[in-house]
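[1] need a 3D model of the sequence below.
(one chain, ligands or ions: 2)
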Amino acid sequence: PDPRTVLLTGAAGRVGTLMQNLLPAFGHELRLFDVRPIDGDPDAVTADLADKAAIREAVRGVDAIVHLAGISLEAPFEKILRANIEGTYHLYEAAREEGVGRIVFASSNHAVGFTPRPRGDDPLIPVDTPRRPDTFYGLSKAFGEDLAQLYWDKHGLETVSVRIGSCFPQPTSVRMLSIWMSPGDGARLFHAALTAENVGHTVVYGSSANTRLWWDLSGARALGYEPQDDSEEFAEKLIAERGELDPENPAHACLGGHFVSDPPMWPY
Ligand code: NAI
Ligand code: 15L
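    Ligands and ions are numbered 1, 2, ... in the order given. Next comes the predicted model:
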């Protein structure tokens, strides 16, 4: 597949704003969707994921969808239910009804957040590690992955679920040195996920090729993704400021970092 027109949901958000700028260089024409208005694009759709009719109209005629919209941190269950669980269902239903062939779903490391992080010579975490959500938020991402599997098995609608680490211009914590996805690598990975052949439903981790990587990137590479960045250039300064991860600190023990705490600690 060579998707040209791509619906970008969550386009007003942090990653969405980055991808608005980066994905067109790969030849994709973006249609933007967010509940928050987007200045400067008269064709942007301003609608909530609860609005089935608006979603149906937004997906009509697109080749693929990059689904970033939703609550991106822990929140009360009812809010997660509405935006991330019901909202993602509405999007998949609209895509099925309109015959959209491919969705790239922004899953998260928090779907497997309670997985102990590798230490020393421990092997990298594989993509088929049992899911261990660390929050209602992570649970909604596990739901999204299962929804994607159902729509592939039952309806032939393909998805690449990208368990994004931390997509920020720079890593801002020692944990992020292991899971950072540079914006440039994010765009390269989303492009690979949009264009790889025969993905069915594929789950991959989303990060740069970090020296301190915690997980196995081979699934992402198999899509044609060639990461070009490594967080190591930020390591010395961050470790000098924050210290190495503390084996005694529960917020440093698992992939999900501080999200495993109850309530999740913020900031960390
Ligand atoms: P963000 O919170 O900056 O952006 C999310 C966007 O979704 C916002 O613009 C918001 O207005 C929109 N949105 C929320 N609820 C909506 C609804 N009901 N209807 C329509 N739009 C709605 O989040 P960010 O950081 O840009 O993340 C994008 C996606 O990637 C999210 O799904 C997040 O869970 C996921 N992700 C992000 C990571 C990161 O490091 N930034 C890491 C792992 C996953
Ligand atoms: C996420 O899933 C969040 O959306 C993002 O804001 C970061 O907190 C990231 O995970 C992380 O784990 O650093």
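[2] residue boundaries of the strands in the stretch 1-150 of the chain?
    5-9, 29-34, 45-46, 64-67, 102-108 (DSSP state E, counting those that start in this stretch).
[3] do you know which of those lies nearest ligand 1?
    strand 102-108 (3.4 Å; C-beta to the nearest ligand atom). Yep, even glycine has a C-beta here, placed from its N, CA and C like the rest.
[4] how about that closest one, does it get close to ligand 1?
    Yes: Strand 102-108 reaches ligand 1 (C-beta under 6 Å from any ligand atom) through 106, 108.
[5] quick one: mean pLDDT for that strand?
    Here strand 102-108 scores 98 as its mean pLDDT.
[6] bridged to the residue most central in space within the chain, which residues?
    Centroid-nearest residue in the chain, with C-alpha atoms, centre = their mean: residue 106, separated by 2.7 Å. For residue 106, the beta-bridge partners are residue 162 (DSSP bridges).
[7] before we move on, back to that, could you look over the strands of the stretch 1-150 of the chain and pick the most buried one?
    Of all these, strand 64-67 carries the top mean neighbour count, a mean of 28, counting by mean count of other C-beta atoms under 10 Å.
[8] re the thing from before, can you redo the strands of the stretch 1-150 of the chain as TSV with distance to residue 170?
    Shown next, in TSV, are the strands of the stretch 1-150 of the chain (distance: least, C-beta to C-beta, whole Å):
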stretch	distance to residue 170
strand 5-9	23
strand 29-34	24
strand 45-46	30
strand 64-67	23
strand 102-108	19
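[9] let's have the ones you listed in a markdown table, adding distance to ligand 2.
    Shown next, in a markdown table, are the strands of the stretch 1-150 of the chain (distance: least, C-beta to the nearest ligand atom, whole Å):
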| stretch | distance to ligand 2 |
| --- | --- |
| strand 5-9 | 14 |
| strand 29-34 | 15 |
| strand 45-46 | 22 |
| strand 64-67 | 13 |
| strand 102-108 | 4 |
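[10] on the pLDDT front, check residue 221 for me.
    98.
[11] now for the nearest residue to it once chain neighbours are set aside: which residues touch it?
    Once flanking residues are discounted, residue 221 sits nearest to residue 227: 8.0 Å by C-beta to C-beta, 6 or more residues apart in numbering. By C-beta atoms under 8 Å, 6 or more residues apart in numbering, the residues touching residue 227 are 185, 188-189, 207-209, 217, 220-221.
[12] now residue 227: phi and psi?
    phi -60, psi 150 (degrees, to the nearest 10).
[13] get me the contact residues on the stretch 101-250 of the chain for ligand 2.
    The stretch 101-250 of the chain comes close to ligand 2 at residues 108-110, 166, as judged by C-beta under 6 Å from any ligand atom.
[14] need the max-distance pair from those residues.
    Spatially, the most separated pair among these is 110 and 166, at 10.9 Å (C-beta to C-beta).
[15] residue 239 touches residue 173, doesn't it?
    No: with contact defined as C-beta atoms under 8 Å, residue 239 does not reach residue 173; the gap is 10.4 Å.
[16] who has more neighbours out of the two?
    residue 173 (20 against 13; other C-beta atoms under 10 Å).
[17] that one belongs to a strand, doesn't it?
    No: counting by DSSP: H, G, I helix; E, B strand; the rest coil, residue 173 falls outside a strand, being coil.
[18] how close does it get to residue 53?
    Distance from residue 173 to residue 53, counting by C-beta to C-beta, to the nearest Å: 41 Å.
[19] same check on residue 177?
    For residue 177, the distance to residue 53 - C-beta to C-beta - is 44 Å.
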